[in-house]
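[1] Got a predicted structure here, sequence first:
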Amino acid sequence: YIDYGATDFHSLKSALIDYIQSVYPTDYNNFAESDLGVMLIELISYMGSVMSLKSDMLANENFISTAKDINSVRKLFNLVGISLKGPTSSQATVEVSIDDVATLDNTLTLTPSERVLSVISPQDGESLTYTLYTTTNGQVDNLNSNGNISFTSSIGSESTGVYNNGILLEGAFAVETGTFSQVSIFKQVKLQNDPVIQNSVQVYVTAADTPTADGVYREVDNIFQASSLNDKVFQVIYNDDYGATVIFGDGSNGISPPPLASYTVTYRVGGGTRGNTPNSFINVLTTGTYSAATHNVRVLQNSLATGGADAESLTHAKRFGPLYFRTQDRVVSLDDYIAYANSFTSPLGTTGKATAVTRKAYSSSNIIDLYLLEKASNNQFQKASLSFKNALLNQLESKKMLTDEVVLVDGLIRSVDLVVTINISKRFEGVEGTVTSRVADRVLDYFLGDNWDFGDPLVIADLNKHIFETPDVIYSSVDNLSDTVGVEFNEIVQLNNIDISVNLV
């Protein structure tokens, strides 16, 4: 007598009434809508429909294709050894000079506290923190045991009065020190601050009695990627709030630091788009040691600060996570190249967008053209830097087929300007800006970089549908574009400017 297929309110109500009529025909037969018994039936039907809905939602969160919560996807990926990317920081090159020294013929040293610079964000007016690093050939120099950095004089610095190998990375600088446990096989360090910026963790271990364990450790995506027993590697595992735990090898997969060895872990906290600033925005003073004396040191930004982006989105994770898992830490097919390049994070923490093709010639079918752009913000891409390309090529070299030759090619950006008219009710006269602000946010959300791939056309009907979903918008139109904007396989659509007009109806 029980209909187990009933899940929604109306089917549950009908099933309960049918059951009562079949089993208790003489005990209860007053099914008027105003009767107390019908009220109880409807109450039970409501609770049943809510429980059924929650069961369906929980079941959907167990599968990547249907999950809607980023934390559910993160936990599913953790089961197969894949970590979602955390927030990335903006970066900008700088000139470092000493106010009262014209010729730099000595070494300038800055301590961890002197490396941290603060300005006011142009986006929200709140404090914005950057950390100063030195670079060699476009790569951030490795950490030492005390966290100091040094600028060494050269012919260029002596003649111009500035050190040019400095770089600012957004984020508050943090240093944690300690000693490893005597009993734990798997050594780990839980970092105290969050959110930890992607690829910002550096580890230095002091183990004088064990030379193979002493020195700088390098980060890997998975500790099982260690190439030998003595490989000095570590892995960073993030929680839901992008707090992080640093774990080390066990002696079989990577070296295990000896008990009571001391460690120094530095990292940055922050990240996101608010660190993307215009050229010359940062011009601050700090202090440093030069010729055994303390001097005022000026740090001047001489490039755009780009690359700051929020943590990996649900859309990007669901698309490229399964593809990256299929690569099994090697790159063979075109899908492998695309998945690996789109999941790659440079040593500076930046990410990119890529697509791959083989050349259409029998004699060059093993040449892979990898079209690449680097992410400048959540909504914008830029030409990939040489350091980004070199880092990607170095990583691919150890994972690709020996017969494959990879050629990195700059992808193309198809910038579009939009002139949009929205129709809203006359009751919003005088406060139209509230609605236009929401529409602008919806358009920016539509053009998020993670939502677009190379070769995706801009379909005006889809854009209008997305705008229409904004509350209080009756109708919208894109006035300067009428047809679908098609792009080539190596082009990606990017929003340049948007002008929103309001029509009161």
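    Right, received. Where do you want to start?
[2] which parts of the host helix or strand of Leu408 are buried?
    According to DSSP states H and E, Leu408 maps onto strand 405-410. Across strand 405-410, burial judged by 16 or more other Cβ atoms under 10 Å covers 406, 408. Just so you know, the C-beta spots here come from the backbone N, C-alpha and C atoms, and that holds for glycine as well.
[3] List of residues touching the helix or strand of the chain with the lowest mean pLDDT?
    None of the helices or strands of the chain scores lower by mean pLDDT, DSSP states H and E than helix 155-160, at a mean of 74. Here helix 155-160 makes contact (Cβ atoms under 8 Å, 6 or more residues apart in numbering) with 103-105, 151, 163-164.
[4] Stretch 414-431 now?
    432, 434-436, 439, 443, 458, 467, 470, 472-481, 485, 487, 491-505.
[5] Restricted to helices, list those residues.
    432, 434-436, 439, 443, 467 (DSSP state H).
[6] returning to what we had before: direction included, what does the strand holding Leu408 pair up with?
    Take DSSP bridges as the rule and strand 405-410 pairs in its sheet with strand 367-375 (parallel).
[7] Tell me how far the partner strand lies from the chain's centre.
    In this view, strand 367-375 has its centroid 19 Å away from the chain centroid, taken as Cα atoms, centre = their mean, to the nearest Å.
[8] Downstream of it, the next helix or strand is which one?
    Next along the chain after strand 367-375, taking DSSP H and E as the criterion, comes strand 381-382.
[9] Just the mean pLDDT for that next one, thanks.
    What strand 381-382 shows for mean pLDDT is 92.
[10] Ser121 is in contact with Thr129, correct?
    No - between Thr129 and Ser121 there is no contact under Cβ atoms under 8 Å: 9.8 Å.
[11] one step back: from the contacts of stretch 414-431, which would you call buried?
    If we count by 16+ other Cβ under 10 Å, the contacts of stretch 414-431 have these buried: 432, 435-436, 439, 443, 458, 467, 470, 473, 476-478, 481, 487, 491-495, 498, 500, 502.
[12] Where does Lys54 sit, in terms of helix or strand?
    Element membership of Lys54 [criterion: DSSP H and E] is helix 36-60.
[13] which strands and helices sit next to that helix?
    helix 9-23 (3 or more Cβ pairs under 8 Å, 6 or more residues apart in numbering; DSSP states H and E).
[14] could I get the helix it packs on in CSV with only the CA atoms?
    Extracted C-alpha coordinates of helix 9-23, given in CSV (Å, rounded to 0.1, in the frame of the first residue of the first chain):
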residue,chain,number,x,y,z
PHE,A,9,4.7,17.4,-1.7
HIS,A,10,1.7,16.6,-4.0
SER,A,11,2.7,13.0,-4.6
LEU,A,12,3.3,12.4,-0.9
LYS,A,13,0.0,13.9,0.0
SER,A,14,-1.8,11.8,-2.6
ALA,A,15,0.0,8.6,-1.5
LEU,A,16,-0.9,9.2,2.2
ILE,A,17,-4.6,9.8,1.3
ASP,A,18,-4.6,6.6,-0.8
TYR,A,19,-3.0,4.7,2.0
ILE,A,20,-5.6,5.9,4.6
GLN,A,21,-8.5,5.2,2.3
SER,A,22,-7.2,1.7,1.6
VAL,A,23,-6.2,0.7,5.2
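[15] Give me the angle between it and helix 36-60.
    If you take axes from the mean of the first three to the mean of the last three Cα atoms, to 10 degrees, helix 9-23 sits at 130 degrees to helix 36-60.
[16] got a list of contacts for helix 9-23?
    1-3, 5-6, 28-29, 31, 41-42, 44-46, 48-49.
[17] same thing with stretch 78-87?
    70, 73-74, 77, 195-198, 221-222, 224, 236-238, 242, 244, 270-272, 308-312, 317, 321, 324-325, 343, 345, 351.
[18] Among those, name the ones in helices.
    70, 73-74, 77, 317, 321, 324-325, 343.
[19] now those: which count as buried?
    Among those, those classed as buried by neighbour count (16+ other Cβ under 10 Å) are 70, 73-74, 77, 317, 321, 324, 343.
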